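Asker: Need a 3D model of the sequence below.
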Amino acid sequence: MGIYRKDILRHKIMKLIITIDTEEDNWGDYNCKGHTLKNIERIPLLQQLFDDFNVKPTYLISYPVATDKRAVSIFKKIVGEDKCEIGTHCHPWNTPPFEEERTEYNSMLCNLPADLQFRKIKYLHDTIRNNSGVEPVSFRAGRWGYNQNVAKNLYKLGYKIDTSVTPFTNWREDHGPEFTNLSPRPFRFSSEDIFHESEGGEMLEVPVTIGFLQRNFTLCNSILQLTVQRPVSYLRIPGIFHKLNLINKVWLCPEGYGSRSMIGLAKSMMRNNFGIINMMFHSPALIHGLTPFVKTKDEEKRFFDRIREFLRFASDTGIESIRLSESLQYYNNKG
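Answerer: Sure thing, here's the model as predicted:
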């Protein structure tokens, strides 16, 4: 029996999804040209780590990745070995057609006209299908720029799953959406109402797993929302709560969160009877110096170590890895 297993045997065994924003190296660069893809050369190394734990990730790929011959070759091989799946990750600033002004505001897909959103997503979708032979059914908006119009366009294009929601998080200051009151629990929804569960909804939302080390997520979120309102926000109360371990908000993400925090979050999700957890990260984090999260060679090593330690925990506790598309068949009973 694994070293973690005795702590959680009384809980339902959950499913682990890993979704990777698989994209160009150029963090924070909203130009449509001049991108590099050094990080993609590390995908085979990352995939070997997943293979060691029988994990089948979902690579959500951007337009520069979908049009690069070397990248396409790498993913065709992994998909052909049935070790992963491919989804869509739309960065509007480098996805044709290029009709909008280059601004930070327009880097959010949700801020573009609905018709332009549709044409960009369709162009990327068709490019992935034509170059890789894969028909993607899952989607994540770049910079979390998701809204009602995006969902309607996804439905028109035959998508089944979105994973753009970051629970308990507000992106308004970055010109993006607000997900403050949304839970990390997957839910079916209608493309006419993306933030409310609909039993007969045509799509499934699988949020990124963001929660609290404390059990009562709703209470923790309510308290934190009070502390970020002015003038109280100037007191930096969330940081104080975190240091005192009173309220610890954690992403299931090895960028900025250690294995202990991620394991603690997974256990908290178990105590709350969540059946699916969704780890995410960005592919440029595979090489130090490309993102704010992994700046040095030592941090790069720790990044891989965090993933390995969490996967070991998942293996020891009997958590089963599934592809994002497989969440459709699990969410009713487990989500």
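Asker: what's around residue 295, how many residues?
Answerer: 12 (other C-beta atoms under 10 Å). Every C-beta, even on glycine, is put in place using the N, C-alpha and C of the backbone.
Asker: Next one, pLDDT for it please.
Answerer: pLDDT, residue 295: 97.
Asker: Quickly find the element holding it.
Answerer: For residue 295, there is no enclosing helix or strand under DSSP states H and E.
Asker: my guess is it meets residue 288, correct?
Answerer: Yes. Between residue 295 and residue 288 a contact is recorded at 6.1 Å, counting by C-beta atoms under 8 Å.
Asker: Now do the contacts for the nearest residue to residue 161 once chain neighbours are set aside.
Answerer: Distances taken as C-beta to C-beta, 6 or more residues apart in numbering put residue 138 closest to residue 161, at 4.2 Å, once the chain neighbours are dropped. Residue 138 makes contacts with 19, 58, 60, 85, 87-88, 159-163, 324-325, as judged by C-beta atoms under 8 Å, 6 or more residues apart in numbering.
Asker: Could you rerun that using 6 Å?
Answerer: Residues near residue 138 by C-beta atoms under 6 Å, 6 or more residues apart in numbering: 87, 161, 324, 325.
Asker: Return the backbone torsion pair for it.
Answerer: phi -120, psi 150 (degrees, to the nearest 10).
Asker: Which pLDDT value belongs to it?
Answerer: 98.
Asker: Repeat that for residue 245.
Answerer: Value listed for residue 245 in the pLDDT field: 76.
Asker: Identify the residue nearest it in space, chain neighbours excluded?
Answerer: Per C-beta to C-beta, 6+ apart, closest to residue 245 is residue 213, 7.5 Å.
Asker: pretty sure that neighbour contacts residue 247?
Answerer: No. If you go by C-beta atoms under 6 Å, residue 213 and residue 247 don't touch, sitting 8.4 Å apart.
Asker: can you count the residues close to the closest residue to residue 158 other than its chain neighbours?
Answerer: Among residues not flanking residue 158 along the chain, residue 137 sits closest, at 7.2 Å (C-beta to C-beta, 6+ apart). A count of nearby residues for residue 137, using other C-beta under 10 Å, gives 19.
Asker: ok, now residue 131?
Answerer: If we define neighbours as other C-beta under 10 Å, then residue 131 has 18 of them.
Asker: Excluding chain neighbours, what is closest to it?
Answerer: residue 72 is the one closest to residue 131 (C-beta to C-beta, 6+ apart), at 5.1 Å.
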